[in-house]
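A.B. asks: what's the 3D shape of this:
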Amino acid sequence: MKNCTFVPKISIGLMLFIGIILIGCNSNPVSKIERIPPEKLLSRMEMINLLKEIHLAEAVTASSNLTYHKSLARFKRYKLHIFEKYNLDSTGFDQNFEYYMSDTDDLEYIYQALSDTFLLRKHRKNF
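C.D. replies: Numbering: from 1, shown residues only. Prediction:
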């Protein structure tokens, strides 16, 4: 008769999950990573206005009766026009977006302002 001992098998995924939880429960606060601003840093207000224009362009494009490829092409043209308005290219936009989104306070401020802007716009439209 074989000598059998019970050894629970724990998956690597479960071990990683437990490790992440234990590290996350560390009582030492994590210091913020130093944020390096992009070469052409937009102000918060400029970033809010740029994102507002992009979201509006998305809405206009999505509500059009164009095919997927035509609406995608239209949205890309809108986006390029918006970037030009703010003297950015797609890399500059990405750098600004990453910069502002890397801080939860900035993220909350910007998207709260966007939310307020769209609510006001909707409210004015109803009158």
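A.B. asks: show me what the longest helix that the chain contains is packed up against.
C.D. replies: For the chain, the longest helix by residue count, based on DSSP state H, is helix 104-125. Helices and strands touching helix 104-125, by 3 or more CB pairs under 8 Å, 6 or more residues apart in numbering; DSSP states H and E, are helix 44-62, helix 90-101. Using the backbone N, CA and C atoms, a C-beta is placed for each residue, glycine as well.
A.B. asks: pLDDT weak spots in this structure?
C.D. replies: When residues are selected by pLDDT under 70, those of the chain lie in 1-33, 127.
A.B. asks: most centrally placed residue in this protein?
C.D. replies: Met101 (6.2 Å; CA atoms, centre = their mean).
A.B. asks: check contacts around it.
C.D. replies: Leu107 (CB atoms under 8 Å, 6 or more residues apart in numbering).
A.B. asks: ok, it to Phe75 distance?
C.D. replies: Distance of Met101 to Phe75, given as CB to CB, to the nearest Å: 21 Å.
A.B. asks: same check, this time on Ile48
C.D. replies: 20 Å.
A.B. asks: can I get stretch 45-62 in CSV? Just the C-alpha atoms.
C.D. replies: Output of stretch 45-62 as CSV, limited to C-alpha atoms (Å, rounded to 0.1, in the frame of the first residue of the first chain):
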residue,chain,number,x,y,z
MET,A,45,-8.6,74.2,-17.5
GLU,A,46,-7.1,73.6,-21.0
MET,A,47,-7.1,69.9,-20.3
ILE,A,48,-10.8,70.0,-19.2
ASN,A,49,-11.7,72.0,-22.3
LEU,A,50,-9.7,69.7,-24.6
LEU,A,51,-11.4,66.5,-23.1
LYS,A,52,-14.8,68.2,-23.3
GLU,A,53,-14.2,68.8,-27.1
ILE,A,54,-13.0,65.2,-27.6
HIS,A,55,-16.1,63.8,-25.8
LEU,A,56,-18.4,66.0,-27.8
ALA,A,57,-16.7,64.9,-31.0
GLU,A,58,-17.2,61.3,-29.9
ALA,A,59,-20.9,62.0,-29.3
VAL,A,60,-21.4,63.7,-32.6
THR,A,61,-19.6,60.9,-34.4
ALA,A,62,-21.4,58.1,-32.6
